[in-house]
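Undergrad: just need the structure, nothing else, for what follows:
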Amino acid sequence: MNDSNAKSANTVLQAVKLSKQFVQGERTLNILHEIELSIRAGESVAIVGASGAGKSTLLHLLGGLDNPTSGKVLLAGEDLIACNETHRGDLRNRHLGFIYQFHHLLPEFTALENVAMPLLIRGDNPAKAKTVAADLLIEVGLGERLTHKPGELSGGERQRAAVARALVTQPDCILADEPTGNLDEATAARVFNLLVELNRQHHTALILVTHDLRLAQKADRRLELTGGHLIEQVTAP
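TA: Residues are numbered from 1 along each chain as shown. The predicted model follows:
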């Protein structure tokens with residue numbers, strides 16, 4: 001991550017013939033069919049599609065939170081699916097950041113403690129972890145909210161804290177599942193613009209699942225998940 005030009009040429013996350021099936025009684029549901037996806041460092045990719053198309057399922061597979069029926073996921077060149085659970089968790093902590101529709105901040109901890117948590121979990125020095133967390137909270141506009149707990153923050157502030165938490169480990173890629181879906185339109189636009197700005201500043205790849213086509217069009221690439229297939233959408237000039 002030291003040389004941004006070298007990093008931009010790298011593929012940080014890749015899906016190879018990724019498929020997912022669910023069995024319901026005598027029925028087999030083919031949710032994803034041999035998905036091929038390659039994400040480069042610093043790139044932003046939006047995934048759109050109808051409700052139930054499998055967007056969240058795909059994101060869970062890419063993040064190693066679920067196993068595919070077939071295919072593989074390569075994260076920083078390693079097969080995430082083939083790893084044992086301990087090594088998979090270590091790869092996720094070092095290379096991925098996660099943002100969800102609901103912030104999932106721990107209510108009993110302050111914004112600073114929540115953002116520092118991923119660093120503390122991996123054993124970083126507590127003082128250094130809190131310094132890094134504080135710097136990121138300042139960067140997302142929460143410098144005056146460091147000691148506030150989630151219940152004392154607005155919805156937009158909680159989601160900005162979640163963005164800071166996703167970035168705190170300096171991941172290669174952030175996976176965002178409807179990160180603005182629980183916000184009003186104006187706040188959603190501000191949070192999304194923040195995500196894109198940080199994506200470019202930190203040169204961290206961003207994969208965004210969203211139902212909002214206006215937001216999706218701001219990404220470098222837009223993909224539609226339909227019928228189990230991922231199709232590149234071309235935006236008119």
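Undergrad: where do the helices of the protein begin and end?
TA: For the chain, applying DSSP state H gives helices covering 4-8, 55-62, 85-95, 111-121, 126-139, 155-167, 185-202, 213-216.
Undergrad: and those helices as a markdown table, adding distance to G227, mean pLDDT and mean neighbour count?
TA: From N, CA and C alone the C-beta is placed, and that goes for glycine too. What follows is these, written out as a markdown table (distance: least, Cβ to Cβ, whole Å; pLDDT from 0 to 100; neighbours: other Cβ atoms under 10 Å):
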| stretch | distance to G227 | mean pLDDT | mean neighbour count |
| --- | --- | --- | --- |
| helix 4-8 | 32 | 42 | 12 |
| helix 55-62 | 13 | 91 | 22 |
| helix 85-95 | 29 | 86 | 15 |
| helix 111-121 | 36 | 92 | 22 |
| helix 126-139 | 39 | 92 | 18 |
| helix 155-167 | 30 | 87 | 24 |
| helix 185-202 | 27 | 79 | 17 |
| helix 213-216 | 19 | 82 | 17 |
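Undergrad: just so I know, which of the ones you listed lies nearest A46?
TA: A46 lies closest to helix 213-216 among these, at 3.7 Å (Cβ to Cβ).
Undergrad: any idea how far the closest one is from the middle of the chain?
TA: On the basis of Cα atoms, centre = their mean, to the nearest Å, helix 213-216 sits 17 Å off its chain's mean C-alpha point.
Undergrad: do stretch 92-106 as well
TA: Between the centre of stretch 92-106 and the centre of its host chain there is 7 Å, according to Cα atoms, centre = their mean.
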